[in-house]
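Asks: give me a model of this one.
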Amino acid sequence: NEGLGVLGGKHPALKFRMAVVDPPWPSKSRGKHYKTMALEDIKRMKLSSKIAPGGIVAVWVTNSDSLVRFTEKELMKAWGLELCATWYWLKVTCKGQLQTPMLSPHKKPFEQILIGRKVSTTEQSELPSVPNNFCIVSQAAQHSRKPFLGEILSWYCGVQCAPTESLDGIEIFAREMHSSWCSIGDQVLHFHEVTDDGVDATSLDG
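Replies: Numbers count the residues shown, from 1 in each chain. Presented below is the predicted three-dimensional model:
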């Protein structure tokens, strides 16, 4: 949230077509290893002001039913978004097998991504329809490293920002950088050594 505030102060008119957010969800187990945020603090993030009308926001959510409901019922509304789809990242091994059993009571082989669109005066029929239950299948390259969603989101964005704005999207709580995207977080260089396309990325620690 601090990083968004700095960005808003320096570039108040800058808006993005796409955003990816991987919130540090509150968790007793994860809290021992990562900084986490309270749900109310996540709701108060000033994300809506940086998204262009009709723009798409992807929110990574753990497989906690309560967090999924919170994101669907409260967070999307607080950020000025309309929920339009649920996507899944299915994790497989190098042999194409599920990383863990689908019915495992502990760790599931998939993660959920809730897709919201910034409320716009533009007719929804003029914007590309976002498919529900879209599934991304890939290996989990490293622990907690998720696949970059920028290219896939661009297929369904349908929003063009001003020509002077060279950035396509913004990633909040980022752990690596990507070309033409603004990365915000306190670990934006975490995977930088193994990132192929992060050389020209814009980074703002916060």
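Asks: can you give the contact residues for the host helix or strand of residue 42?
Replies: Using DSSP states H and E, residue 42 falls within helix 39-43. Helix 39-43 is contacted by residues 1, 23, 25, 26, 70, 74, 75, 78, 79 when judged by C-beta atoms under 8 Å, 6 or more residues apart in numbering. Every C-beta, even on glycine, is put in place using the N, C-alpha and C of the backbone.
Asks: would you map the strands across this structure?
Replies: Ranges of strands in the chain, per DSSP state E, are 16-21, 51-61, 81-92, 110-118, 135-139, 169-172, 181-185, 202-205.
Asks: redo these as TSV? Include mean pLDDT and distance to residue 40.
Replies: Converted to TSV, the strands of the chain look like this (pLDDT from 0 to 100; distance: least, C-beta to C-beta, whole Å):
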stretch	mean pLDDT	distance to residue 40
strand 16-21	92	16
strand 51-61	92	16
strand 81-92	95	17
strand 110-118	94	18
strand 135-139	91	30
strand 169-172	92	17
strand 181-185	84	20
strand 202-205	38	24
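Asks: ok, residue 43 to residue 23 distance?
Replies: 10 Å (C-beta to C-beta, to the nearest Å).
Asks: of the two, who's got more company?
Replies: residue 23 (20 against 15; other C-beta atoms under 10 Å).
Asks: ok, the closest residue to the more buried one other than its chain neighbours to residue 62 distance?
Replies: Excluding its sequence neighbours, the residue lying closest to residue 23 (C-beta to C-beta, 6 or more residues apart in numbering) is residue 42, at 5.1 Å. Distance, residue 42 to residue 62, by C-beta to C-beta: 13 Å.
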